[in-house]
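Undergrad: Provided below are the primary sequence and the corresponding predicted coordinates.
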Amino acid sequence: MTPLGEKLRDLRRQKGVSQKEMAQAIGVSAAYLSALEHGRRGVPTWVMLQKIIGYFNVIWDDAEEVLKLADQSHPRIVIDTSGLSPEATQLANTLADRIAVLDADTITRLLEIMGSRENRAPARYDD
């Protein structure tokens, strides 16, 4: 599940609606919405994100949070280490090899060590 998927599920539960009900309201299939929540689809378009935000009637900071979570929810990332040190390339490859077996505490510690996403250059995405 992606950060955006987790947020969508929480918002749906708070509103008391099913995936099917939400999907009909925003003009997508329930299968698409399920795939989006589970990280089997890429980040939705800005227009779709606006439909989602409108559906839940979220404003200001909450809408900004949804957009930020969407930006952090690309399920397939390409890391370009060309021009970086051999250690940077090794780190990227090691993370790719082992991310599926890292426990939640380790992932949280790594995120804390690396700092917030806002302080980094944008990633490139393989959609």
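TA: The structure has been received and is ready for your questions. The shown structure was predicted, so the numbers you read here are calculated from the model rather than taken from an experiment.

Undergrad: dump the residue contacts of the residue nearest to the spatial centre of the chain.
TA: The centroid of the chain falls nearest to residue 73 when counting by CA atoms, centre = their mean (1.4 Å). Taking CB atoms under 8 Å, 6 or more residues apart in numbering, we find residue 73 in contact with 2, 3, 4, 5, 39, 43. The C-beta positions use only the backbone N, C-alpha and C, and glycine is treated the same way.

Undergrad: Could you single out the nearest of the residues you listed to residue 112?
TA: residue 3 (15.7 Å; CB to CB).

Undergrad: Make sure that closest one is actually in contact with residue 69.
TA: Yes. Residue 3 is within contact range of residue 69, at 4.4 Å (criterion: CB atoms under 8 Å).

Undergrad: What are the buried residues along the one helix or strand residue 12 maps to?
TA: Using DSSP states H and E, residue 12 sits in helix 3-15. By neighbour count, with 16 or more other CB atoms under 10 Å as the criterion, the buried positions of helix 3-15 are 3, 4, 5, 7, 8, 11, 12.

Undergrad: counting contacts, what elements does that helix pack onto?
TA: helix 30-37, helix 46-56, helix 60-71 (3 or more CB pairs under 8 Å, 6 or more residues apart in numbering; DSSP states H and E).
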